[in-house]
Structures are given as C-alpha cells and as structure tokens.
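In: My questions are about this predicted structure, shown below with the sequence.
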Amino acid sequence: MTDLSHLKADFPVLANGVHFLDSGASSQKPIPVLEAMDRFARTSYANVHRGAYKLSVASTDAYEAARERVAGFIGATDPREVVFTRGATTALNTVAFGWGLEHLGPGDRILSTEIEHHANLVPWQMVAKRTGATLDHIPMTDDFRLDLAAYEDKLGPDVKIVAVTGMSNVLGILPPIRFISDLAHRHGARVVVDAAQLVPHSSVDVEALGADFIAFSSHKMLGPTGIGVLWGRMEALEETEPFEGGGEMISDVTLHDATWAEIPHRFEAGTPPIIEAVGLHAAVDYLESIGMDQVLAHDLELTEIALDRLSDVPGLQIQGPTNLEDRGGVISMSMDGVHAHDLATILDEGGVAVRSGHHCAKPLMRRLGVAATARASFYVYNTEEDIDALIGGLRKAGDLFGVGS
Amino acid sequence: MSLEDLYREVILDHYRSPRNKGHLEDPDARAEGVNPLCGDELTIELNFEDDMVSEVAIDGQGCSISQSSASMMTEAIKGKTRAEIETLTQQFRDMMSLDGEAEIELDPDRPGAVLGDLESLQGVRKYPVRIKCASLGWNVLLEALGEDE
C-alpha cells in the first residue's frame, strides 16, 4: 500500500474531518501552495513583462520560472510551448477558435467522442457552426472504452482535428492517446487532448503522448483556480491564431492593425494569472516530491479497494469499468431506486463529499442511460477511511430507500 | 434534523408511486421544465373546467424530492380554482422559506390547511440546495397556468 496518510495534515480544509471525494471537480490546496502564493504576493508581486523596475523583473522571473517548471513537469522540451490560460476550458477554446476557425471549413470534419466533457465538445459545436465543418464522434463500446475500430473507420482525409479526453471524468478510463494520435497524424489531422483529469493524476510526457495540444487546469492538481495550461507542439501553436486580443500579446499596434508577440505571449492577452502561476509552480513541486507514479499508484489502490467493496452494496451499479486496466481513480455510481442527488445528500450527512449530476457530460449520461450519477474521485490525501465512510453512506441510502428489500 | 426527517415515508411513497403520472390527450395547457443544476425534468399537462383544474398529469425523472413534490402537488391542485392554486403555491413557498426549526402544524383540518402531504416536505428547507428540487413542479405549474391564460 502506498501510504500517503501523512499528507492529509498539509490540507487545512480536511482538518474538519470531511471525507473529500470530489477532487475530480477540484482538488484541495496544500499549505506549501498557499504559502508560496502568500509569500510571493507579500514580497515580489508586480505586473509582468511591463516594468523596468526591479519588482516587475522579479515578478516576471517568477512567472517565467513557473512556465519552465510546468514544461519540465509534462516533458515539454521548449517552455515556449506552455501557454498559461484561465483554465483547461479556456485552453480548449483557444484551440477550437484559434486553430479551428483558421483551418476548418465546409467539407471538413471534427472528430470528438461520445464520452467527452462539455469543455471539449461544446467549443467544437460552436466552431463547426461557424465554419460549416461537421462534427462527428467516436462512440463508446459497451465495456466503457472508446471504440477504436469505429475510430479507424471514421478517420479520413476530411478529418482535420481529433478532440479526445485523456481521462474520462465520468468513467475514469484512459483512452490510448498515443495510438489515437499516431493514427490521426497518418491522416494529417491534429489531436487535442483534454488532459484536465490526466495531468493531475499521472506522469505525462507530451512527447510520448504524441498529441498536438493538451489542456489542463491548476485547480485540479493542488494548485489555485484561475490558471490552466495549453501545451502545444510548436508547429501546432504556429498554426494557431490568438483567440483574444489586448495587451501583452502584441508586437506592434497601429490604429488599424497589430502584429503578434512571440509564442507563447501572443496567446496570453492581458495581465496573466501571476500569483496563480506561482501557486501552480508550488503545486508541481509538491506533486513531484510525492512522485507522479506514486500518485497514480495510490489513486488506483484506493480505486481497487473501493470497487471491491462497492460490489457488495445492494442495488449499486458502477457506471464504468470495474477493472483497473487503463484507468484512474474516478468511480461513477448509480443505485436502483435512489437518485444521485439523494445519494449525495445522504452521503453528505455522513461527511462524505461526492459529486452528483451529469458531470458536464450530458451526451455520455444519455449513452449510459442514466440521468445522473454520483461520483467518487480520489487524490493524494484520501485514505481507506474515506472509503469506509462512502460505503457506510451508500448502505444508509439503500436502507432509507428500501433498496433490495 | 435527521435524514429520516428529510426522507419521510410519505415522500418515498410518492417517489416510488407518483400520482397522476402520464399524459393527457390534447391538454388545455402544457409546460415542461428542467433543473439544469441536477438535470431533474418535469412535464405538466392540465385540463380545465371553467376556472378549475379538472385533470392533471405529470411525467418526468429526477430525485425523490423533485418527483414527490410534483406528485403531491397534483393531488393538491386537482379540483382547485386558479385563485386557490395561487394561495396553495404561496403557502408552499412560505413553508420552504421558513426560518429555524419551527414546523408547520401537521393538522389537515386547521383553517387554511391545504397542503396535505406536501407538508412532509418541510424538512427540505434545512437542505438549501434541495429547495430547488422541491420547487421544480411548482415553477412548471405556474408556466402551464400562464400558458392557458
């Protein structure tokens, strides 16, 4: 067992004993992240890339150091390939609007998936409408995996981009991004990966992953809200137009025209999330001090225990694979005769925080044939006691609603 | 306040066996609504005789609170005039916004007691995020009533 129980003390929110099983929505923040942001704001804060004064230089250095740290964390050889955004959603919209509007037109196809989070689906619907391109989807198999045979069939010269999740926020599965990317590239298509669940929970090397763009958020990986990352292969970023205009992103401006700053700054219009970048830097330090392989191993150990014990809860169904193969620490559940919101309310009474609802994946909910699920997701601070509380709450719900009686 | 106060047997009974579930043929009024936060869905169909709701049907899916509240509501409004339904709606809203632990007297014979089974929903107000669930049916009802005017 990967014992990380000593880490719990680093997370002030958890001191009140809450069994926090909603890290898939957003993670808690450890003291080193909070302190790094506080220290920076107290000692070194100023706007970046603007001032000639020492404080601005120090702030710029800290901001750019965060970029280098993140680049190293995801195996990017060139820090310029790391664009700071407001979050994964903005990063995905930058690709959809910045790349999509430039490269898509009538007769082109966008290939997304049936299991996608709205953040990697709705922007493509919007861009499809504007460009006249059509949107198609890789279906899910009955064992909750992407249908790769169907994917191969759907690929063709008219497919210009494949938009796929790196880890499903509902099913927990890890689609084979390398395989998907290689196949897409053979057909000349770009690949954008929603890595919002993937990067916080596993060791990611963008070169090995093989995609052209990946997007993720700081707040799901122990860092602050308000900052996320778009990583793009340099040649893919060069094909991308800025999606927002303003300060910081220009090289020269006349009354009628402007030229863009260098990559990545052309994608960072306005004052960026500077304090948040320092927080993200600290979060990466914290995660690497544990080791990403350890983080994933810990998530999966808890997942294995939970799946085993959940199988004994009357009326409970797992909406996703029940094995550990190619998956992360996310488990979606439904209970016969008990709606997900009732489950969540009853669990909450026992101090267990789970997400209930459609998880911003309504098409997937329809495919699964459920209106909503309750979802437990694990992270470094979770322990077996959290699973005990989860199981206890689920049994209580079953008793209250007379499940199986 | 315990979970047993929230999930009273009468609520679970309406949830398992919703009253007036189904559809009316060519109804005088119809409205549907969703609670986008949790995806609860509800359709209401009404027939009138003069000013009175003569028939009501609901269909939908969602949590026990939203679906039981709608089911109880259909029983409460059947045979009532618009004015009576307005009073009823106000009473329900008042019940949902009561402060503190004070409980409504569960005496159906007291003057003005028209909520009936609906009074079992008063535990919901201790769970603010669930009040929206309990109110869904009423919001859709108002829309259906407005549509017929």
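Out: Cool, got the structure.
In: CA only for contacts and neighbour counts going forward, please
Out: OK.
In: and stretch B:67-85, does that touch chain A?
Out: No. Using Cα under 8 Å from any Cα of the partner chain, stretch B:67-85 stays clear of chain A, coming no nearer than 10.4 Å.
In: first vs last residue of that stretch, how far apart are they?
Out: 19 Å (Cα to Cα, to the nearest Å).
In: buried stuff in it?
Out: By neighbour count with 16 or more other Cα atoms under 10 Å in any protein chain shown, stretch B:67-85 contains the buried residues B:67-82, B:85.
In: Now do the helices in chain B.
Out: B:3-6, B:9-16, B:64-77, B:82-97, B:128-148 (DSSP state H).
In: what's in contact with the fourth one?
Out: Translated: helix B:82-97. With Cα atoms under 8 Å, 6 or more residues apart in numbering or on different chains as the test, helix B:82-97 has contacts from B:51-53, B:77, B:104, B:114-115, B:118-119, B:122, B:124-125, B:131, B:138.
In: Hey, what's the angle from it to helix B:128-148? Just curious.
Out: 170 degrees (axes from the mean of the first three to the mean of the last three Cα atoms, to 10 degrees).
In: on that earlier part again, identify, from the contacts of helix B:82-97, the entry nearest to chain A.
Out: Of all the contacts of helix B:82-97, chain A sits closest to residue B:124, with 10.8 Å by Cα to the nearest Cα.
In: can you list the residues of the stretch 101-250 of chain A near chain B?
Out: Checking the stretch 101-250 of chain A against chain B by Cα under 8 Å from any Cα, there are no hits.
In: quick one, helices of the stretch 101-250 of chain A?
Out: A:101-103, A:122-131, A:148-154, A:177-186, A:206-209, A:234-238 (DSSP state H, counting those that start in this stretch).
In: quick one: buried residues of the fifth one?
Out: Buried positions in helix A:206-209, judged by neighbour count with 16+ other Cα under 10 Å: A:206, A:209.
In: what's it packed up against?
Out: helix A:177-186 (3 or more Cα pairs under 8 Å, 6 or more residues apart in numbering or on different chains; DSSP states H and E).
In: Flag every buried residue along the helix it packs on.
Out: Under 16+ other Cα under 10 Å, the buried positions of helix A:177-186 are A:177, A:180, A:181, A:182, A:183, A:184, A:185.
In: rank the helices of chain B by mean pLDDT and give me the bottom one.
Out: Within those, confidence is poorest for helix B:3-6, with a mean of 84 (mean pLDDT).
In: and of the buried residues of helix A:177-186, the nearest to chain B?
Out: Of the buried residues of helix A:177-186, the one sitting nearest to chain B (Cα to the nearest Cα) turns out to be residue A:177, at 31.1 Å.
In: how about the helices of chain B, which one is nearest residue A:32?
Out: Closest approach to residue A:32 among the helices of chain B (Cα to Cα): helix B:128-148, 32.8 Å.
In: Could you dump the helices of chain B into a markdown table and include distance to residue A:140?
Out: Putting the helices of chain B into a markdown table (distance: least, Cα to Cα, whole Å) gives the following:
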| stretch | distance to residue A:140 |
| --- | --- |
| helix B:3-6 | 38 |
| helix B:9-16 | 32 |
| helix B:64-77 | 30 |
| helix B:82-97 | 42 |
| helix B:128-148 | 31 |
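In: Burial-wise, tell me which of these comes out on top.
Out: Using mean count of other Cα atoms under 10 Å in any protein chain shown, the stretch among those with the largest mean neighbour count is helix B:64-77, at a mean of 25.
In: Give me the helices and strands touching that helix, please.
Out: helix B:9-16, strand B:52-61, helix B:128-148.
In: Send me the second one as PDB with only the CA atoms.
Out: Meaning strand B:52-61. Output of strand B:52-61 as PDB, limited to C-alpha atoms (Å, rounded to 0.1, in the frame of the first residue of the first chain):
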ATOM      1  CA  MET B  52     -61.000  24.800 -12.200                       C
ATOM      2  CA  VAL B  53     -58.200  22.300 -12.900                       C
ATOM      3  CA  SER B  54     -60.200  19.200 -13.700                       C
ATOM      4  CA  GLU B  55     -57.300  16.900 -14.800                       C
ATOM      5  CA  VAL B  56     -53.600  17.000 -14.300                       C
ATOM      6  CA  ALA B  57     -50.800  14.700 -15.500                       C
ATOM      7  CA  ILE B  58     -47.100  14.800 -14.800                       C
ATOM      8  CA  ASP B  59     -44.200  13.000 -16.300                       C
ATOM      9  CA  GLY B  60     -40.500  13.300 -15.500                       C
ATOM     10  CA  GLN B  61     -37.400  12.000 -13.900                       C
END
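In: Show me what it is in contact with.
Out: With Cα under 8 Å, 6+ apart, strand B:52-61 has contacts from A:371, B:20-24, B:40-48, B:67, B:70-71, B:74, B:77-82.
In: what distance separates it from the centre of its chain?
Out: With Cα atoms, centre = their mean, to the nearest Å as the basis, strand B:52-61 stands 11 Å off its chain's centre.
In: And for the last one?
Out: Using Cα atoms, centre = their mean, we find the averaged C-alpha position of helix B:128-148 to lie 8 Å away from the chain's own average C-alpha position.
In: packing partners for that helix?
Out: Checking 3+ Cα pairs under 8 Å, 6+ apart, helix B:128-148 ends up next to strand B:29-35, strand B:40-49, helix B:64-77.
In: Nearest to residue A:275, out of the ones you listed?
Out: strand B:29-35 (36.3 Å).
In: Let me have the helices of the stretch 101-250 of chain A in TSV, adding mean pLDDT as columns.
Out: Shown next, in TSV, are those (pLDDT from 0 to 100):
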stretch	mean pLDDT
helix A:101-103	98
helix A:122-131	98
helix A:148-154	98
helix A:177-186	98
helix A:206-209	98
helix A:234-238	98
